[in-house]
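S.K.: Just a sequence and a predicted model for now, questions to come.
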Amino acid sequence: MPLPKAELHLHIEGTLEPELAFELAARNGVELPYADTDELRKAYQFEDLQSFLNLYYELMAVLRTERDFEDLANAYLARAAAQGVRHAEIFFDPQAHLARGVGMGTVVDGLWRALGSSEANHGVSTQLILCFLRDESAESALETLDAAKPYLDRIVGVGLDSAEVGHPPVKFREVYEAAAALGLRRVAHAGEEGPPEYITQALDVLGVERIDHGLRCMEDPELVSRLVRDRVPLTLCPLSNVRLRTVDVLADHPLPAMLDAGLLCTVNSDDPAYFGGYAGDNFDAVRSALGLGEERLRELARNSFVASFLEHDEERRQR
Ligand code: HPA
Ligand code: ZN
């Protein structure tokens with residue numbers, strides 16, 4: 001039996017397996033520039049975050065209808081459930097779909113067809129987090145939040161993803177203020193490829209409650225002390241870090257040092273179809289490559305629930 005865990009860093013578009021990509025391409029009459037799934041899999045060699053993002057955005061072309069988003073989410077939920085995920089806080093990237101003429105309603109209603117019945121069908125509770133693309137403008141983020149207003153009963157919070165370097169959190173001050181005023185929870189990717197100052201900015205300027213990745217905090221001892229003191233959760237993604245060359249090999253991953261420092265770390269899959277594994281695979285990988293014992297693995301699983309927004313649902317039910 002895999003350890004029960006919550007997954008807090010998961011891009012639904014990053015769960016698009018090559019088989020489903022081809023199935024949806026055929027269904028929607030979209031032509032993919034790959035002969036078959038084997039050839040597509042061969043393209044999964046990444047130099048850095050940007051080289052991955054290029055393929056990630058390219059393959060999204062096959063996602064067009066509500067049913068596509070429903071099928072995508074159901075496929076993820078089935079795989080996650082089999083690996084012990086009991087709760088998933090799922091990122092989605094509306095700007096990448098709006099830019100292709102796929103409306104916010106198609107995305108959210110489609111995802112909700114799967115998420116709304118996920119507890120019954122998969123034994124996984126879910127929440128949705130709308131991410132702004134940080135390499136798009138601040139105005140575009142504000143427009144996206146505006147377009148999401150009719151759907152806020154199904155969205156727990158906002159996040160910030162895509163190409164990090166050169167797009168500091170401060171660029172999104174206004175949209176995060178607006179999100180806070182709407183009662184949305186706030187997270188942001190920071191310190192994946194970007195410097196430790198981006199983590200500090202995400203906390204101080206955007207008011208985030210969790211940092212996605214946050215790996216590079218280890219370069220700044222004062223920042224580590226602050227994250228420990230304030231119990232700021234970090235949603236780490238070990239297999240992603242290896243595939244995007246943030247760390248050279250898994251055995252060099254700073255997770256053990258981060259746990260020893262007292263940081264509230266969680267282990268997640270990020271974009272599992274691209275990075276070689278789902279949540280349980282990431283747990284297995286850190287167990288074998290980093291020699292983490294059962295106690296550490298249980299701590300990571302416990303942290304995932306502590307760091308989740310589950311109580312948000314409770315509060316909402318009680319209102
Ligand atoms: N980092 C930044 N943006 C992303 C990622 C990631 O790991 N995955 C999907 N969008
Ligand atoms: Zn991510």
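M.R.: That came through fine. Ligands and ions are numbered 1, 2, ... in the order given.

S.K.: C-alpha from now on. contacts and neighbour counts both.
M.R.: Will do.

S.K.: Give me the nearest residue to the residue in the stretch 151-300 of the chain that ligand 1 sits nearest to, chain neighbours excluded.
M.R.: Here the stretch 151-300 of the chain gets closest to ligand 1 at one residue, Ser162, 3.3 Å apart by C-alpha to the nearest ligand atom. Spatial nearest neighbour of Ser162, excluding adjacent residues (C-alpha to C-alpha, 6 or more residues apart in numbering): Leu133 at 5.4 Å.

S.K.: so how many other residues sit close to the one you found?
M.R.: Neighbourhood size, Leu133 [other C-alpha atoms under 10 Å]: 21.

S.K.: One more: Ala289?
M.R.: 13.

S.K.: How about Asp153?
M.R.: Asp153: 9 neighbours (other C-alpha under 10 Å).

S.K.: Repeat that for Ser117.
M.R.: 15.

S.K.: Could you do Glu219 as well?
M.R.: Neighbour tally, Glu219, other C-alpha under 10 Å: 12.

S.K.: just checking, it touches Pro196?
M.R.: Yes: under the criterion of C-alpha atoms under 8 Å, Glu219 makes contact with Pro196 at 7.0 Å.

S.K.: Specify the local secondary structure of Thr235.
M.R.: When classified by DSSP: H, G, I helix; E, B strand; the rest coil, Thr235 comes out as strand.

S.K.: give me every residue that touches it.
M.R.: For Thr235, the contacting residues are Leu8, His9, Arg210, Ile211, Asp212, His213, Gly214, Cys265, Thr266, Val267, Asn268, by C-alpha atoms under 8 Å, 6 or more residues apart in numbering.

S.K.: And for the first one, nearest residue in space, chain neighbours not counted?
M.R.: With C-alpha to C-alpha, 6+ apart as the measure, Glu89 is the residue that lies nearest to Leu8, at 4.9 Å, once sequence neighbours are left out.

S.K.: wait, doesn't the one you found sit right on Val124?
M.R.: No: if you go by C-alpha under 8 Å, Glu89 and Val124 don't touch, sitting 10.3 Å apart.

S.K.: tally of neighbours for the residue of the stretch 151-300 of the chain closest to ligand 1?
M.R.: 18.

S.K.: do Gly29 as well
M.R.: 10.

S.K.: confidence score at it?
M.R.: pLDDT for Gly29: 98.

S.K.: same check, this time on the one 3 residues further on
M.R.: We have a pLDDT of 97 for Leu32.

S.K.: In contact with it, which residues?
M.R.: Contacts of Leu32 by C-alpha under 8 Å, 6+ apart are Phe22, Ala25, Leu59.
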